[in-house]
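1. Any chance you can model this:
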Amino acid sequence: CFVFRQSGSSFHVFDQGQFAKEVLPKYFKHNNMASFVRQLNMYGFRKVVHIEQGGLVKPEKDDTEFQHPYFIRGQEHLLENIKRKVTSVSSIKNEDIKVRQDNVTKLLTDIQVMKGKQESMDSKLIAMK
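-> You can find the predicted model right below:
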């Protein structure tokens, strides 16, 4: 129901239902997959999004892959570097929030431009066919 990637740089949960039912209760006080994913995120693990999925389409299969730069098979000494992220609301400055909002706005604009270019390319391909 889960396996390490051959490279050892990530782990793959193939059947989330089975994983939540059989594996989570052995190591956690719950069997909730969403809680497990939230905990992974708190410790800096990230979901691996493959390019063929495009990041915007939900995968058809019930599988998910996670990675962390310090979670590598055979490199146990790196595990001590995996720490829970701590952010307090008071430490975030208004300028930081403004910069983040500007970054998000720029990203959304860039995505819209890319979508337009993709649609243009699609229509040109159809015309060429």
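2. Quick one: mean pLDDT over the lengthiest helix in the chain.
-> Determined from DSSP state H, the single longest helix within the chain is helix 94-128. Averaged across helix 94-128, pLDDT comes to 85.
3. Surely residue 72 touches residue 11?
-> No - Residue 72 lies out of contact with residue 11 (CB atoms under 8 Å); the separation is 10.6 Å. C-betas here are computed from N, CA, C, even on glycine.
4. From the chain's centroid, how far away is the longest helix of the chain?
-> Distance, stretch centre to chain centre, for helix 94-128: 20 Å (CA atoms, centre = their mean, to the nearest Å).
5. which helices and strands does that helix pack with?
-> In terms of contacts (3 or more CB pairs under 8 Å, 6 or more residues apart in numbering; DSSP states H and E), helix 94-128 is not packed against any helix or strand.
6. and it, which residues are buried?
-> For helix 94-128, a neighbour-count test (16 or more other CB atoms under 10 Å) marks nothing as buried.
7. List the contacts of the closest residue to residue 67 other than its chain neighbours.
-> Once flanking residues are discounted, residue 67 sits nearest to residue 10: 3.7 Å by CB to CB, 6 or more residues apart in numbering. Residues near residue 10 by CB atoms under 8 Å, 6 or more residues apart in numbering: 4, 48, 65-67, 71.
8. The residues you listed in strands, which ones?
-> The strands, defined by DSSP state E, take in 4, 65-67 from these.
9. List buried residues within those.
-> 65-67.
10. Save the residues you listed as CSV, and put in distance to residue 99 too.
-> Shown next, in CSV, are these (distance: CB to CB, whole Å):
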residue, distance to residue 99
65, 31
66, 28
67, 27
